[in-house]
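Participant: coords below, sequence missing:
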């Protein structure tokens, strides 16, 4: 029988004294439940009584990155070099012994460095003088303060759902016809910014021309009195500029009074004072005292007598849309009142710069007066057949 060879006592003692303990290692990112963009700080600490032979970091099993081996460490990871999604960071610490004891620690994080994808509805690329441009925007994610710029004006976009947005832009009757750029800019929750530019066509509108309005001497003086004109304009423009992100109106507007149309929107007229201008409202004529109703739900921002517009009411319907009612004989509401579609707000009269009992009805979209009858036909809600590009 073959005899077993016995190891020397010194060798047995050496094996027994070997260090089998792996290094201690901790690893963390600031917040594991959030999504990161660009820089991510990864920190931790590794130690071993025998010292560390190596400390390295890798992402998704990629090439290891050497880290300092003197204890606490911090590494800045550029997430923009990674695809969007969930990633795994692993740190490996190896001690400085003949056994090369190793400890591994990992932590997951999510990154997003892609700007939101923005698409604009095809129907949003055509409009005409005196009309509303309804811009519908589809996004791949929730947007933060999206805005569009058109005709050198910045207009907010309001959310209709988590990924659908709308902006209504009034096109002035004096706006030059042609093709103009619409620039859309939006940021996602992480700060990734996307931009899109599309061309919008504005068609010319053939507004009616003619008509002569004879004013009294006092009315002519008022029309040429800059202080009175400025007073009226300042009051009205303050109401147009009111910011209310909530949509109050629902469905198409109703015609606020019974009566015949005595002067259509956009008609180019001449006054006996020599002033020539477009008619920026719709005139409805009837008997004095004819009831006048709110065209839709909203909040009364102005209800007082003005020099040119006479007894005047402005109802703000939210998201830049307002309606105005002029030359009333009496006013039934006050500033701050909430009114509903069809609620009595006053009666027809001939106050202010008026030559007979009528209602001068205006609809204003972000400061521009547009054809009121357009709002009788639609409420600018997104149709089911929207096509985006």
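Facilitator: Structure received. None of the values given here were measured: they were computed from a predicted structure.

Participant: Just the element for the residue nearest to residue 159 when sequence neighbours are not counted, please.
Facilitator: Spatial nearest neighbour of residue 159, excluding adjacent residues (Cβ to Cβ, 6 or more residues apart in numbering): residue 165 at 5.5 Å. No exception for glycine: its C-beta is placed from N, CA and C like everyone else's. Element membership of residue 165, judged by DSSP states H and E, is strand 164-170.

Participant: Show me which helix runs longest in this protein.
Facilitator: helix 226-240 (DSSP state H).

Participant: residues contacting the residue nearest to the spatial centre of the chain?
Facilitator: Compute the mean C-alpha point of the chain, and by Cα atoms, centre = their mean the closest residue is residue 157, 3.0 Å away. By Cβ atoms under 8 Å, 6 or more residues apart in numbering, the contact set of residue 157 is 135, 137, 143, 146-148, 165-167, 184, 186.

Participant: Dihedrals phi and psi, it?
Facilitator: Taking degrees, to the nearest 10, you get phi -100, psi 140 for the backbone angles of residue 157.

Participant: From residue 272, how far out is it?
Facilitator: 45 Å (Cβ to Cβ, to the nearest Å).

Participant: Remind me what the strand holding residue 165 packs against, helices and strands.
Facilitator: Applying 3 or more Cβ pairs under 8 Å, 6 or more residues apart in numbering; DSSP states H and E, one finds that strand 164-170 contacts strand 132-139, strand 143-150, strand 153-156, strand 158-159, strand 358-365, strand 368-370.

Participant: neighbouring contacts of whatever helix or strand comes next after that strand?
Facilitator: Moving toward the C-terminus from strand 164-170, the next helix or strand (DSSP H and E) is strand 178-188. With contact meaning Cβ under 8 Å, 6+ apart, strand 178-188 is reached by 112, 115-116, 118, 120, 125, 135, 137, 139, 141-151, 157, 193-202.

Participant: could you check the angle strand 164-170 makes with strand 178-188?
Facilitator: Interaxial angle of strand 178-188 relative to strand 164-170 (axes from the mean of the first three to the mean of the last three Cα atoms, to 10 degrees): 140 degrees.

Participant: Settle this for me: residue 55 is touching residue 45, isn't it.
Facilitator: No: taking contacts as Cβ atoms under 8 Å, residue 55 lies outside contact range of residue 45: 10.1 Å.

Participant: What's the mean pLDDT across the strand holding residue 165?
Facilitator: What strand 164-170 shows for mean pLDDT is 97.

Participant: re earlier: of the helices and strands packed on strand 164-170, which is nearest residue 234?
Facilitator: Relative to residue 234, the nearest member of the helices and strands packed on strand 164-170 by Cβ to Cβ is strand 358-365, separated by 15.0 Å.
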